[in-house]
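In: Just the structure for this:
(chains A and B)
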There are 2 protein chains.
Amino acid sequence: MIKPDRDFRDAIVNLKGLVGADLERVNDTIMATMQSQVSLIPEMAAHLINAGGKRLRPMLTLAAAGSFNYQGDAHIVLAAAVELIHGATLLHDDVVDESILRRGAETANIIWGNKESVLVGDFLFSRSFELMVRTGSIRVLDILSHASAVIAEGEVLQLATQNNINASYDMYLDVVKAKTAELFAAAAESGALVAGADKTQQQAFRDYGLSLGIAYQLIDDALDYSGTQQALGKAVGDDFREGKMTLPIVFAIAAARDPSSRQFWQRTIGDNDQTDGDLEKAMAYIKQSEAIEKTLECARQFVDDALRALNKVPSGPIPNALRDIATFSITRGF
Amino acid sequence: MIKPDRDFRDAIVNLKGLVGADLERVNDTIMATMQSQVSLIPEMAAHLINAGGKRLRPMLTLAAAGSFNYQGDAHIVLAAAVELIHGATLLHDDVVDESILRRGAETANIIWGNKESVLVGDFLFSRSFELMVRTGSIRVLDILSHASAVIAEGEVLQLATQNNINASYDMYLDVVKAKTAELFAAAAESGALVAGADKTQQQAFRDYGLSLGIAYQLIDDALDYSGTQQALGKAVGDDFREGKMTLPIVFAIAAARDPSSRQFWQRTIGDNDQTDGDLEKAMAYIKQSEAIEKTLECARQFVDDALRALNKVPSGPIPNALRDIATFSITRGF
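Out: Below you'll find the model as predicted:
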């Protein structure tokens, strides 16, 4: 049901081509920022940064600034700060979720330990604020400190809804907006801000980032049940094993009418009591209820919102590339 | 060997009397900042904030600002931000150290869990930066984001030196400066800054905070082997069980000449292989080597540095109270 992802890959390659020189400088800034006499810090940072993420969030910052032909340096340190916030949340998420695989490599908590991941995450987070200070803009710090608080709040909310089979679409959307979309929004908004865009255009980039971020997470959650480990770089069914109430599960549970399927979800998600074959059974229920299609249909609506937001920004090759990113994110497989 | 702590308690009560009205406003600001639709957040924050810490760090901020008769509001949000950074590090430290008792109460990681402590710690940390933004001062954010990075780096360094019986006095001092003293320094420096103090006076408050912070941690580490659980609000010997290379242990190991005592430290600290009676034996070695007295003698030198730094600030009741805090911290038992 999910189509090949050549188009999304092309869209990313295209955007990378437009902001590529800046992205190199972002990587250099990150590596310079991670230097420390405590060798564990650059080691863990390199593992995280070199693991080959898509760099979507810093690219949003660079793209937003580039849309206004910004010629300064503030967007570079800002994009590095955004990626460090993301890196810090990944380190902490993997501890909280007890993940073992990310982007095809063992997670830092597995290689170095949970304690190390918590503390080095704190270090990345602190350094990201030091980078923001270098932009000299209180407004940048306002946007990103607020985003960080929203992210953390969303992570706590997700923990609170975990294993709650009555969690609704609205609760799930609150989690997604907070834990994922807010950083997309802040990355794009602050990029426009440092480039001198006016309030309307800052808001347009914020709206684009928020909607893209929601769609992106919905697709991630669909892929957790419909992708392949090779493409995902992590195990299929991780969310199921953790009892996370993502949208495919919300839809599948909503469609569960007979007692045996309700009991199944209560046991596996509600009571987190899982045995061999449960993931396969869950995926059969998901297929039967068309939960993946429904999730992707929701994602499509947020992609439409993202495209609408871009109507308010100046036309040019970068906004066009951002359109493609949004459009083709629906069919991505990684 | 440690004298009663009536004098230190008096010194704190005295300083609280001088900044008390502001401290109330700091507490109100913290509680307001911790409001969230996610009920776990205010619950955990209240547990942490109401646990009756000494509030030394925010008091340093208030005292520094008060020394210049500052009449604005920036020191209130700044002091709240400082306490939130401290609170975030406590939540994460207790996860990393697997602590079960703090200030006489069960730790948050025991009551709510490690995951919750990691994420709510991140929330506190993010909110502290949101508060700093309200001061409108990039310099404040510069000082405190740098301090946060230094703290995290110090925590990682401490983890790296744990169970290393060759860790030296210098390595230990690097850890103490980073994980504890830097926040004392930043709290005092930034309080002077928002009050409009000149560079020399900002530096004087920074120097006072740094030296007081080092002395404070050395005394903490001495108390971990010489205090009482009732006064400390936590178990005696926690550092020993974690294999932490604190100064009393550094001195005791330096004094260990015979093979049996060296083997003892290698087994208990180096290999973290401990059995019943080991803590008592460690304390006997510590007593025999006068490691507590030597640790307190070091602390006394840093107290002298702290007092010297205060010579450069305007005289008045608040600097006098800060003198007493430093002087009497040596004899504290809690």
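
In: leaving aside the residues next to it on the chain, what's closest to A:Ile219?
Out: In this structure, A:Ile219 finds its nearest non-sequential neighbour in A:Ala299, 5.3 Å apart by CB to CB, 6 or more residues apart in numbering or on different chains. For glycine as for every other residue, the C-beta is placed from the backbone atoms N, C-alpha and C.

In: now A:Met245
Out: Residue nearest to A:Met245 in three dimensions, not counting chain neighbours: A:Ala167, with 4.0 Å by CB to CB, 6+ apart.

In: what about the residue nearest to A:Ile219, helix or strand, and which?
Out: For A:Ala299, the host element (DSSP states H and E) is helix A:291-310.

In: Using PDB, write out every CA atom in that helix.
Out: Written as PDB, here are the backbone C-alpha positions of helix A:291-310 (Å, rounded to 0.1, in the frame of the first residue of the first chain):
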ATOM      1  CA  ALA A 291      -5.900   1.800   9.600                       C
ATOM      2  CA  ILE A 292      -2.700   2.600   7.600                       C
ATOM      3  CA  GLU A 293      -4.800   4.100   4.700                       C
ATOM      4  CA  LYS A 294      -6.800   6.200   7.200                       C
ATOM      5  CA  THR A 295      -3.600   7.400   8.800                       C
ATOM      6  CA  LEU A 296      -2.100   8.400   5.500                       C
ATOM      7  CA  GLU A 297      -5.400  10.100   4.500                       C
ATOM      8  CA  CYS A 298      -5.000  12.200   7.700                       C
ATOM      9  CA  ALA A 299      -1.400  12.900   6.800                       C
ATOM     10  CA  ARG A 300      -2.500  14.000   3.300                       C
ATOM     11  CA  GLN A 301      -4.700  16.700   4.800                       C
ATOM     12  CA  PHE A 302      -1.800  18.100   6.800                       C
ATOM     13  CA  VAL A 303       0.300  18.100   3.600                       C
ATOM     14  CA  ASP A 304      -2.500  20.100   2.000                       C
ATOM     15  CA  ASP A 305      -2.200  22.600   4.900                       C
ATOM     16  CA  ALA A 306       1.500  22.800   4.500                       C
ATOM     17  CA  LEU A 307       1.200  23.500   0.800                       C
ATOM     18  CA  ARG A 308      -1.400  26.200   1.400                       C
ATOM     19  CA  ALA A 309       0.900  27.900   3.900                       C
ATOM     20  CA  LEU A 310       3.600  28.100   1.200                       C
END
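
In: what about the residue nearest to A:Ile219, distance to chain B?
Out: In this structure, A:Ala299 lies at 25 Å from chain B, with CB to the nearest CB, to the nearest Å as the measure.

In: Burial check on that residue, number of neighbours?
Out: The tally of other residues near A:Ala299 (other CB atoms under 10 Å in any protein chain shown) stands at 23.

In: Next up, the contacts around it.
Out: If a contact means CB atoms under 8 Å, 6 or more residues apart in numbering or on different chains, then A:Ala299 has A:Ile214, A:Ala215, A:Leu218, A:Ile219, A:Ala222, A:Ser329, A:Ile330 as its contacts.

In: next one: A:Thr61
Out: A:Thr61 is in contact with A:His75, A:Leu78, A:Ala79, A:Val82, A:Ala187, A:Ala188, A:Ser190, A:Gly191, counting by CB under 8 Å, 6+ apart.

In: Against chain B, how distant is the second one?
Out: Read that as A:Leu78. Summarising the geometry, the distance separating A:Leu78 from chain B, computed by CB to the nearest CB, is 14 Å.

In: before we move on, what about A:Gln274?
Out: Remark: distance between A:Gln274 and chain B (CB to the nearest CB) = 19 Å.

In: Output the set of residues of the stretch 151-300 of chain A in proximity to chain B.
Out: A:Ile151, A:Ala152, A:Glu153, A:Glu155, A:Val156, A:Leu157, A:Leu159, A:Ala160 (CB under 8 Å from any CB of the partner chain).

In: Just the closest of the residues you listed to chain B, please.
Out: Taking CB to the nearest CB as the measure, chain B lies nearest A:Ala152 of these, at 3.8 Å.

In: hang on, isn't that closest one packed against B:Phe123?
Out: Yes. Look at A:Ala152 against B:Phe123 with CB atoms under 8 Å: they come within range, at 3.8 Å.

In: In PDB, could you pull the C-alpha coordinates for stretch A:51-60?
Out: Output for stretch A:51-60, consisting of C-alpha atoms alone and laid out as PDB, is shown next (Å, rounded to 0.1, in the frame of the first residue of the first chain):
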ATOM      1  CA  ALA A  51      24.400   8.200  11.500                       C
ATOM      2  CA  GLY A  52      22.900   9.700   8.400                       C
ATOM      3  CA  GLY A  53      19.700  11.300   9.400                       C
ATOM      4  CA  LYS A  54      17.800  13.200   6.800                       C
ATOM      5  CA  ARG A  55      18.700  16.600   8.400                       C
ATOM      6  CA  LEU A  56      15.200  17.800   7.600                       C
ATOM      7  CA  ARG A  57      14.900  20.200  10.500                       C
ATOM      8  CA  PRO A  58      18.200  22.100   9.900                       C
ATOM      9  CA  MET A  59      17.300  22.100   6.200                       C
ATOM     10  CA  LEU A  60      14.000  23.800   7.000                       C
END
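
In: any idea of the mean pLDDT in that stretch?
Out: Along stretch A:51-60, the predicted confidence averages to a pLDDT of 89.

In: cool, and stretch A:96-116?
Out: Mean pLDDT, stretch A:96-116: 86.
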